[in-house]
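*Asks:* What follows is a predicted protein model with its sequence.
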Amino acid sequence: MKILVTGAAGFIGTNFVYYELENHPEDQIVALDLLTYAGNLKNLDGCKDNPNFKFVKMDIRDREAIYKLFEEEQFDIVANFAAESHVDRSIEDPEVFLRTNIIGTEVLMDASLKYGVKRYHQVSTDEVYGDLPLEATDLFFTESTPLHTSSPYSASKASGDLLVMAYHRTFGLNMSISRCSNNYGPYQFPEKLIPLMINNARHDKNLPVYGEGLNVRDWLHVYDHCSGIDLVMRNGENGEVYNIGGHNERHNIDVVKTILKELDKPESLITYVTDRKGHDLRYAIDPTKIETKLGWKPKYNFESGIKETINWYLNNQQWMDEVTSGDYLKYYEEMYGNR
Ligand code: NAD
Ligand code: DAU
């Protein structure tokens with residue numbers, strides 16, 4: 001099978017490319033990415049010599065280029081990870097979120113219909129469900145929880161999901177959607193909570209915790225997200241949504257303290273800062289559907305997963321330094337500039 005992975009140089013896309021090449025060596029992967037600030041081509045260095053791997057620098061909003069690619073490659077599956085993904089950036093400047101997360105999705109689906117793609121898979125998020133009250137710990141997001149968004153980011157992702165479902169009903173697009181909780185693991189851009197805190201602690205810089213640090217996120221190792229997407233896009237039912245999560249709910253402040261403890265740094269580095277606007281209180285996924293219908297099971301628990309992740313960042317300090325200095329942005333020119 002030939003699979004298009006968009007957003008392949010970002011955090012989850014990178015991990016997914018490695019997952020696919022390792023677990024399905026019979027398949028071919030075309031990795032597409034625009035290489036925005038969040039895309040780092042170096043992430044994919046480990047597979048650049050694999051004959052089943054190919055990288056394409058492209059914008060999912062560029063209809064002409066996307067159609068040409070689909071015509072040439074004749075994909076069986078499209079897995080769309082490409083997105084603007086950071087809530088804080090969406091509060092500063094929403095427009096690019098609408099363009100990439102909605103229009104980009106539309107272009108990919110039009111191309112999928114036009115060139116006979118067998119399955120279009122949309123990588124979505126639990127943020128489309130809004131938030132749950134902090135105290136109601138028996139409440140979880142299920143696939144039938146109404147969409148109810150808080151930030152321009154989550155509104156753009158929910159719009160993308162609605163459009164995917166509309167393409168299914170109106171045009172008969174064969175599709176699936178997965179909605180996952182917060183991911184952690186290797187290659188995450190250090191604007192997100194866990195790598196940002198690890199990096200700041202490493203440099204003895206303040207750790208900026210929003211509000212009182214009591215918001216709850218439901219953490220899943222990126223490997224387990226990838227195994228869930230793989231199952232849904234291959235075996236999930238046409239037209240269905242699947243939630244992915246592993247019941248690892250933690251208050252932000254506890255995650256930050258765990259990082260400090262692992263790095264042997266003092267809690268005095270914690271600084272409470274002004275809260276995020278519209279800050280979602282609590283996310284918590286009910287993964288019963290993917291577990292019972294597709295047999296998905298997470299491999300990691302948070303305690304060992306977070307330790308392994310911290311060690312990855314400590315062992316890859318050059319990666320972190322290049323990302324924070326912006327050096328990684330030159331890599332594409334160095335690799336492809338004169339070709
Ligand atoms: P990321 O920001 O690390 O990666 C996004 C990638 O998309 C980057 O490589 C970027 O260059 C690329 N991209 C952006 N605009 C593009 C465009 N117009 N054309 C082509 N490529 C473009 O994000 P991530 O954390 O890896 O998230 C991947 C997907 O998973 C997103 O759709 C996100 O909504 C979803 N998701 C993320 C999480 C999480 O915890 N990170 C959880 C659930 C779902
Ligand atoms: O739930 C899935 C979502 O998880 C994905 O759809 C998003 O793409 C991904 O970015 C993530 O969104 P969050 O907003 O939950 O993640 P972030 O890492 O930005 O923040 C996690 C929590 O930590 C949140 O409650 C805000 C808080 N926070 C974040 C940062 C960056 C801080 O307290 N301080 C910080 O500096």
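*Replies:* Received the coordinates, thanks. Residues are numbered from 1 along each chain as shown. Ligands and ions are numbered 1, 2, ... in the order given.

*Asks:* Measure how buried the nearest residue to residue 208 once chain neighbours are set aside is and give me the count.
*Replies:* Take residue 208 and drop its neighbours on the chain: the residue closest to it by Cβ to Cβ, 6 or more residues apart in numbering is residue 273, 4.5 Å away. Using the backbone N, CA and C atoms, a C-beta is placed for each residue, glycine as well. The number of residues packed near residue 273 is 11, by other Cβ atoms under 10 Å.

*Asks:* Give the buried residues for the longest helix seen in the chain.
*Replies:* For the chain, the helix with the greatest residue count under DSSP state H is helix 152-171. Residues of helix 152-171 classed as buried: 152-161, 163-165, 167-168 (neighbour count, 16 or more other Cβ atoms under 10 Å).

*Asks:* Of those, which are in range of ligand 1?
*Replies:* With Cβ under 6 Å from any ligand atom as the criterion, these include residue 157 near ligand 1.

*Asks:* wait, which of the buried residues of helix 152-171 is closest to ligand 1?
*Replies:* Taking Cβ to the nearest ligand atom as the measure, residue 157 is the one of the buried residues of helix 152-171 closest to ligand 1, at 5.5 Å.

*Asks:* Was I right to think that closest one contacts residue 84?
*Replies:* No. Residue 157 is beyond contact range of residue 84, at 9.6 Å (criterion: Cβ atoms under 8 Å).

*Asks:* Can you work out which residues contact both of these two?
*Replies:* Counting by Cβ atoms under 8 Å, 6 or more residues apart in numbering, the shared contacts of residue 157 and residue 84 are residue 101.

*Asks:* Who are the contact partners of the residue nearest to residue 208?
*Replies:* Residues in contact with residue 273 (Cβ under 8 Å, 6+ apart) are 208-210.

*Asks:* Let me know the pLDDT of it.
*Replies:* Note on residue 273: pLDDT of 97.

*Asks:* which residues in the stretch 51-200 of the chain form helices?
*Replies:* For the stretch 51-200 of the chain, applying DSSP state H, counting those that start in this stretch gives helices covering 63-73, 87-92, 95-98, 105-114, 152-171, 193-202.

*Asks:* What mean pLDDT does the longest helix of the chain get?
*Replies:* 98.

*Asks:* Please convert the helices of the stretch 51-200 of the chain to CSV, extending it with distance to residue 32.
*Replies:* Formatted as CSV, the helices of the stretch 51-200 of the chain follow (distance: least, Cβ to Cβ, whole Å):
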stretch, distance to residue 32
helix 63-73, 8
helix 87-92, 21
helix 95-98, 18
helix 105-114, 10
helix 152-171, 17
helix 193-202, 24
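
*Asks:* Up against ligand 2, what does the stretch 51-200 of the chain have?
*Replies:* Residues of the stretch 51-200 of the chain lying close to ligand 2 (Cβ under 6 Å from any ligand atom) are 85-87, 125-127, 181-182, 192-193, 196.

*Asks:* can you narrow the residues you listed to ones near ligand 1?
*Replies:* Among those, proximity to ligand 1 is found for 85, 125, 182 (Cβ under 6 Å from any ligand atom).

*Asks:* These into TSV, with extra columns for pLDDT, neighbour count and distance to residue 5?
*Replies:* Below are those laid out as TSV (pLDDT from 0 to 100; neighbours: other Cβ atoms under 10 Å; distance: Cβ to Cβ, whole Å):
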residue	pLDDT	neighbour count	distance to residue 5
85	98	22	15
125	98	22	17
182	98	23	21
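
*Asks:* So which of those residues belong to strands?
*Replies:* If you go by DSSP state E, those have residue 125 in strands.

*Asks:* buried stuff in stretch 260-274?
*Replies:* Buried positions in stretch 260-274, judged by neighbour count with 16+ other Cβ under 10 Å: 260, 262, 265, 269-270.
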